[in-house]
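S.K.: Got a predicted model here, sequence first, then my questions.
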Amino acid sequence: MITLFHRPRTRSQRCIFLLEELGAPYEIHVVSSFRRPDGSGEADPANPHPHGKIPALMDDGTLVFESAAIALYLTDKFPENGIGPVVGDARRAAYVSWLAYYAGVMEPAWMSAFMKWDVPRGTAGWVKTDDVMAFVIATLERGPYILGEKFSAVDILIGTTFKMFLGSPMLVKTDLLEAYVERVVSRPAFARAQERENG
Ligand SMILES: N[C@@H](CCC(=O)N[C@@H](CS)C(=O)NCC(=O)O)C(=O)O
């Protein structure tokens, strides 16, 4: 059985969305406690994540952590509906590239914008937020999804992040981005995930 360690209104929401898309059997463990940004609070001792963060996923005793790794693990395990191109699929290279890009480039870029850090171009492997957004927008102009015609788990990560920040100083609202977010969050699996938000 798959157990998702979850806290409402955090990154683990996206894993519920993905599990619903995949039609996977799963249960949710809502963490009993968590650490706050000011350092107060304790992580739930039952949470197997190495830093007590969420999401974490246990699959019959095997731990998977990091949202992008969880996405890849689950779409490989449940390939039937094709939302995670598997080895041999022409879109596999783009799929794993975007998953790594999401975690390794996009999140740091957005975080630097959120924290108002002016990271000089090329520092420590980082890419400027404007350059990241130019690439995302050019990709979505070909769209309608990041990998092209077909929705994938990459859209779950990116579309739900955009939903949260669209219209904030971090992410200027445009018709293209608004329509993309709408395409992602109007999926029935997103609504089902919302219903399971509290466990
Ligand atoms: N890179 C991780 C980030 C996980 C993360 O930082 N999650 C936040 C909630 S959105 C958290 O657990 N914060 C509590 C803490 O850092 O102890 C991922 O994408 O899975």
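M.R.: Yes, it's here. Residues are numbered from 1 along each chain as shown.

S.K.: which parts of this protein sit against the ligand?
M.R.: If contacts are counted using C-beta under 6 Å from any ligand atom, the residues of the chain sitting beside the ligand are 10, 11, 34, 35, 43, 52, 53, 54, 55, 66, 67. For every residue, glycine as well, the C-beta is placed using N, CA and C.

S.K.: Now render these as TSV, adding pLDDT, neighbour count and distance to residue 103.
M.R.: As requested, the residues of the chain next to the ligand are exported to TSV (pLDDT from 0 to 100; neighbours: other C-beta atoms under 10 Å; distance: C-beta to C-beta, whole Å):
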residue	pLDDT	neighbour count	distance to residue 103
10	95	13	16
11	96	19	11
34	90	15	21
35	92	14	20
43	95	17	21
52	96	18	19
53	96	20	13
54	97	25	15
55	98	24	13
66	98	18	6
67	98	24	7
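
S.K.: Helices - which of these land there?
M.R.: residue 67 (DSSP state H).

S.K.: Out of the residues of the chain next to the ligand, the closest to residue 23 would be?
M.R.: Out of these, the one with the shortest distance to residue 23 is residue 55. That distance is 18.7 Å, counting by C-beta to C-beta.

S.K.: quick one: that closest one from residue 183, how far?
M.R.: 23 Å (C-beta to C-beta, to the nearest Å).
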